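>>> build me a model:
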Amino acid sequence: MRKENKKRWVIMPISVFLMAFVNITALAGNEGLTKGETIPNPEFLVQNSFEYDQLPRPVRLYDYKDGQNLLIAFLPDISPKNNYANVMTAAFDSYFAEGLAFRAPFVYYSEPQPLKVLVVTNNDEAQVYEYLRKMNIDFDMVSDINMDFANYFGISKWNSSSDGSFVYVVNNDNKITYANHDYRGEGEKLKAVQGELFTLLDIKHEVSPDLAGYQPLMPGDEARDFSFSYLNKEVASTDPDGMLEGKLSDYLGKKNVIIAFYPAPFSMSCGMEVTKFDKYAEERGLNEFAQNGFSDNGETEILMVSVTNGSILSKWRDDMGLKNLTLISDYTGEISAKYNSYNPLGWNQRTVFLVNKEGKVTYIDWSYNVDEIDFALLEDHIKALN
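Okay, here's the model as predicted:
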C-alpha cells in the first residue's frame, strides 16, 4: 500500500556550496572513512520531493543530522544494473526508516525520531525522484552524480554499478561507530547495523540463548521439540494479531518438516532462499491436489526461522509474495540455539534440518548454500522419506 502525503527530502549537492577544505588523502582512492573518525560537514541544497512550491534551501550535514544518530549509505547505482540495490534500500526502509526493527516488543518514538537514514547514490536527480516514487520509501536520498558528497567520505570513484556500498552508522556526536566498505545487502551485515543502532538507541535486545547447553545434533537423533510464534499466512500485515503459536511436535505422525535457519529477512541470499522454498512448497501442494483433490502443501512442512520480530516478517512476506511457508519469529534465539544455528553476533547461520514424521533428524546441512546443488541434495532426502 502506498504511503500518501509523507514528507521526504531529496538532497542534491551543488558544487557552489561545497566546503573549501578537501581531504586530499581521502580523494586518493576508495579508502573510505573508518570507525572512530568524525564525519565531514559539507553543505547541500535540501528540497522536499512533494512540496514543490517550496524553494530549496542550503543546509550543512550537521544541521541535517540535528544531533541525531545517522545511518548513511553510499551506493554506486540504484538502477537495475545494481542487483542488490532494491533489497538493500528496502531493508533500510523497513528496519530503520519505518522503525520496524525497533517496534514490537520495543517502542519506537517518532516524535522526534532518534535516527536519520540517508542514502547517497551516483545517479542523477531524475533517477532519484523516480526511485523514491517506485520504491515508496521513507528515508532521504542524495543525487551525487559528480561524487562531491562521496569524496568527503573518502570515496573517489565507482568501478562498476555492482561495487559494494559504503555504510556508516554515526552517533549524535558525529563520530562513526560502524563502517563497512563492501556492503551488498547481506543479512549478516544488516543485523550488524541493527545491533549497532540498538546500542546507540539504548535498546535492550533480549537475545541470550544458552549456546553451551546443546551438543550438535546428528542424523538419527531425536529432533528437539520447541514452541514457536509464527506468521499467520492468512492475516494481512496490518493486523497486529497476525502471530500464532505452534510446536514442532504438532507435526509428529503427520508431516515431515524442513527447519531452515537464515540470517535476516530483506537480504539477498535469504530472499533467494525463501523464494526457492516457497515455490517448492507450492509445487508440492499442486501435485497433492492433482492426485487427491485436496492439498495441505503435501507431506512436508517448511519452517523458516530467523531472529526477527513479527512486524518485519509480516512486511517481508507481503513484499516477497510468500504464501506457502511458515515464517517463525525466534526473537530470543532459543530455537536457533537448540539447533546449534545461532551466531553470538546476533543472527542465524544458514543451516537446514530435515525431520521425519517420527520426529527423527534424517538430514543436516550445516552450511547451506543457496544454490541448486544443495537444494537438490535436500530434495533427494525428502523423496527418500516420501
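
>>> and the nearest residue to Asn324 once chain neighbours are set aside, how many neighbours?
Using CB to CB, 6 or more residues apart in numbering and skipping residues adjacent in sequence, the residue nearest Asn324 is Ala281, 3.6 Å away. All C-beta spots, glycine's among them, are computed from the backbone N, C-alpha and C. For Ala281, the neighbour count with other CB atoms under 10 Å is 21.

>>> could you say which helix or strand holds Ala281?
helix 268-292 (DSSP states H and E).

>>> could you do Glu196 as well?
Counting by DSSP H and E, Glu196 is part of helix 187-200.

>>> follow the chain on from that helix and name the next helix or strand.
strand 227-231.

>>> strand partners of that next one, parallel vs antiparallel please.
In the sheet, strand 227-231 lines up against strand 243-247 (antiparallel), strand 326-329 (antiparallel) (DSSP bridges).

>>> what's in contact with it?
Strand 227-231 is touched from outside by 242-248, 303, 305, 310, 313-314, 317, 326-331, 335, with contacts defined as CB atoms under 8 Å, 6 or more residues apart in numbering.

>>> in that strand, which residues are buried?
Neighbour-count burial for strand 227-231, counted by 16 or more other CB atoms under 10 Å, picks out Phe228, Ser229, Tyr230, Leu231.

>>> cool, and stretch 216-226?
Leu217, Asp221, Ala223, Arg224, Phe226.

>>> relative to the whole chain's centre, how far out is stretch 266-283?
15 Å (CA atoms, centre = their mean, to the nearest Å).

>>> where does the prediction get shaky in the stretch 1-150 of the chain?
1-29, 46-57, 103-113 (pLDDT under 70).

>>> ok, how many other residues are close to Tyr84?
Using other CB under 10 Å, Tyr84 has 18 other residues around it.

>>> and it, what is it in contact with?
By CB under 8 Å, 6+ apart, the neighbours of Tyr84 are Ser162, Arg184, Gly185, Met268.

>>> burial count for Ile176?
If you count neighbours by other CB under 10 Å, Ile176 ends up with 20.

>>> that one looks like it's in a strand, true?
Yes. The assignment for Ile176 is a strand, going by DSSP: H, G, I helix; E, B strand; the rest coil.

>>> what's the nearest residue to the residue positioned nearest the centre of the chain if we skip its chain neighbours?
The residue lying closest to the centre of the chain (CA atoms, centre = their mean) is Phe266, at 3.4 Å. In space, and not counting its chain neighbours, Phe266 is closest to Ala91: 3.6 Å by CB to CB, 6+ apart.

>>> surely Leu248 meets Asp225?
Yes. Proximity of Leu248 to Asp225 meets the contact threshold set by CB atoms under 8 Å, at 5.1 Å.

>>> how about the nearest residue to Lys175 once chain neighbours are set aside, phi and psi?
Leaving aside its chain neighbours, Lys175 sits nearest to Thr38 (5.9 Å; criterion: CB to CB, 6+ apart). The phi/psi pair for Thr38 (degrees, to the nearest 10) reads phi -90, psi 130.
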